[in-house]
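Chemist: pasting the sequence and the predicted model now:
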Amino acid sequence: MNERNYFLDNIRWLTILLLFPFHSLIIYNNFGEGNYIKGTDNAILSNIISSYWAWFMPLLFVVAGISSFYVLREKTKNEYIMARIQKLLIPLFFGVLIICPFLTYFAECYHNDYSGTYIQQYMLFFTKETNLTGYNGGFTPGHLWFILYLFIISLIALPLIHYIHKKINIIIEKMNILTLMALFLLPLLGQYILNIGGKSIGEYFCYFIIGYFVLSNEKIIEQCVKYCWLLGIISIICVPLYLGISDNLIVNILGKFYGLCAILFIMGIGKKKLNFSNKITVYFSKISFGIYLFHLPWITVIAYYTMQYVENVYIQAVIITFLSVPFTILTVELLQRTVITRFMFCLKK
């Protein structure tokens, strides 16, 4: 189990680091997605983030499901719930109170030429009519939607886990690579359940369950290792098709298939190449949750000021992406030094 956790931890923090280019480049998207700061539409930058959109957030839910499998081997259901409250609900509460209004302040300034004080905007955050994105101001959970969804899904999954865990193990161990790839049908169908603003609780519940029941099984991981290069080739072939096809239905189906194949590939190659621990991996594993919390505020403020002084889109994107990394890490380093902020944002000392 300890050996297994190394590659899971490494996959988690490496995936979280992908949020820096994702949230930096989505500023320039050409597919109609709003943002707190919105730059000039750019097809190249849009294709970069679209190429891994299908798998990187689902992968975090899969890893969360696998991690829950290990946690529930050592904790009771009540202990698990209390841990979810401490690690997810409390940071969510303080994040919405402190981090999200910071995002909407710059959104108000950028989109609405807001000239009031931050305190006045803080009141707007809770009173202004909003679509919950916060892209034009108003209340939003922002990027913390992941934490909210994970908390809800963790609780919803508990009864199912308790009821079918022993019954499903025999079936899972008999799965081959084809039946594994066919699991893309679960999130494909689940996406229509509780879809809020394009983010479906049903879809991410399916990824969590795939992680908990399927990819926590050593025999399944062995299959991912055995066929990882095949899965990688399939994923690579899917990328230009996913980016080039315009039919929404086909893109949706292909995206779910490509996304799951990419996740299976990452699990296989991760087991082969990332199953180790050193000072760097331990450090980033420790601060990865803090990076998730604080990366977007820094991307937003850096983008706001960069666009005022730099005209070239590509130079803007590079500055925003790379400058936000050290500021985010410095923020986490400072906040993890006090008991209060460690508690508020569930940071590790």
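Modeler: Done, it's in. Numbering: from 1, shown residues only.

Chemist: only C-alpha atoms, please: export stretch 207-221 in PDB.
Modeler: Output of stretch 207-221 as PDB, limited to C-alpha atoms (Å, rounded to 0.1, in the frame of the first residue of the first chain):
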ATOM      1  CA  TYR A 207     -15.100   8.900 -11.900                       C
ATOM      2  CA  PHE A 208     -14.900   8.700  -8.100                       C
ATOM      3  CA  ILE A 209     -16.600   5.300  -8.100                       C
ATOM      4  CA  ILE A 210     -14.300   4.100 -10.900                       C
ATOM      5  CA  GLY A 211     -11.400   5.100  -8.800                       C
ATOM      6  CA  TYR A 212     -12.700   3.500  -5.600                       C
ATOM      7  CA  PHE A 213     -13.900   0.200  -7.000                       C
ATOM      8  CA  VAL A 214     -11.800  -0.400 -10.100                       C
ATOM      9  CA  LEU A 215      -8.500   1.500 -10.100                       C
ATOM     10  CA  SER A 216      -7.800   0.700  -6.400                       C
ATOM     11  CA  ASN A 217      -7.500  -3.000  -7.500                       C
ATOM     12  CA  GLU A 218      -3.900  -4.100  -8.000                       C
ATOM     13  CA  LYS A 219      -4.900  -6.500 -10.800                       C
ATOM     14  CA  ILE A 220      -6.500  -3.700 -12.700                       C
ATOM     15  CA  ILE A 221      -3.500  -1.500 -12.300                       C
END
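
Chemist: number the chain from 46, please
Modeler: Sure, I'll start counting at 46 from here, so that last one is stretch 252-266.

Chemist: residues making contact with it?
Modeler: 49, 103-104, 106-115, 195, 198-199, 202, 205-206, 210, 213-214, 217-218, 220, 225, 228, 231-232, 269, 305, 308, 312-313, 316 (C-beta atoms under 8 Å, 6 or more residues apart in numbering). Backbone N, C-alpha and C define where each C-beta goes, glycine included.

Chemist: swap in stretch 88-101?
Modeler: 60, 63, 66-67, 70-71, 73-76, 284, 287-288, 300-301, 303-305, 307-308, 311, 358-359, 362.

Chemist: now, of those, which are buried?
Modeler: 60, 66-67, 70-71, 73-74, 284, 287, 300-301, 303-305, 307-308, 311, 358, 362 (16 or more other C-beta atoms under 10 Å).

Chemist: one step back: tell me which of the contacts of stretch 88-101 fall in strands.
Modeler: The strands, defined by DSSP state E, take in nothing from the contacts of stretch 88-101.

Chemist: low pLDDT regions in the protein?
Modeler: Scanning the chain with the threshold set as pLDDT under 70 gives 46-49, 211.

Chemist: tell me the phi and psi of the most centrally placed residue in it?
Modeler: Nearest to the geometric centre of the chain sits Met102, at 3.8 Å (C-alpha atoms, centre = their mean). Note on Met102: backbone dihedrals following degrees, to the nearest 10 are phi -70, psi -40.

Chemist: the residue lying closest to it once chain neighbours are set aside is in what secondary structure piece?
Modeler: In this structure, Met102 finds its nearest non-sequential neighbour in Phe191, 7.0 Å apart by C-beta to C-beta, 6 or more residues apart in numbering. Secondary structure assignment for Phe191, by DSSP states H and E: helix 190-218.

Chemist: picking that back up, out of the contacts of stretch 252-266, which end up buried?
Modeler: Applying 16+ other C-beta under 10 Å to the contacts of stretch 252-266 flags 103-104, 106-115, 195, 198-199, 202, 206, 217, 220, 225, 228, 231-232, 269, 305, 308, 312-313, 316 as buried.

Chemist: for Gly313, what are its contacts?
Modeler: Ile266, Gln268, Cys269, Val270, Lys271, Tyr272, Cys273, Leu276.

Chemist: for Lys83, same thing?
Modeler: Going by C-beta under 8 Å, 6+ apart, the list of residues near Lys83 reads Ile72, Tyr155, His156, Tyr180.

Chemist: can you pull out the strands in the stretch 146-295 of the chain?
Modeler: Applying DSSP state E, counting those that start in this stretch to the stretch 146-295 of the chain gives strands spanning 240-241, 244-245.

Chemist: returning to that earlier point: filter the buried ones among the contacts of stretch 88-101 down to just the ones in helices.
Modeler: 60, 66-67, 70, 284, 287, 300-301, 303-305, 307-308, 311, 358, 362 (DSSP state H).

Chemist: closest one of the residues you listed to Thr172?
Modeler: Phe67 (30.7 Å; C-beta to C-beta).

Chemist: separation between the closest residue to the closest one other than its chain neighbours and Ile278?
Modeler: Computed as C-beta to C-beta, 6+ apart, the closest residue to Phe67 that is not its neighbour in sequence is Ile94, at 5.2 Å. Separation of Ile94 from Ile278 (C-beta to C-beta, to the nearest Å): 22 Å.

Chemist: looking at the two, which is more packed in?
Modeler: Ile94 (21 against 12; other C-beta atoms under 10 Å).

Chemist: after whichever strand or helix holds that one, which helix or strand is next?
Modeler: Secondary structure from DSSP H and E places Ile94 in helix 88-119. Per DSSP H and E, helix 88-119 leads on to helix 122-129 as the next helix or strand towards the C-terminus.

Chemist: so how far is that next one from its chain's centroid?
Modeler: 22 Å (C-alpha atoms, centre = their mean, to the nearest Å).
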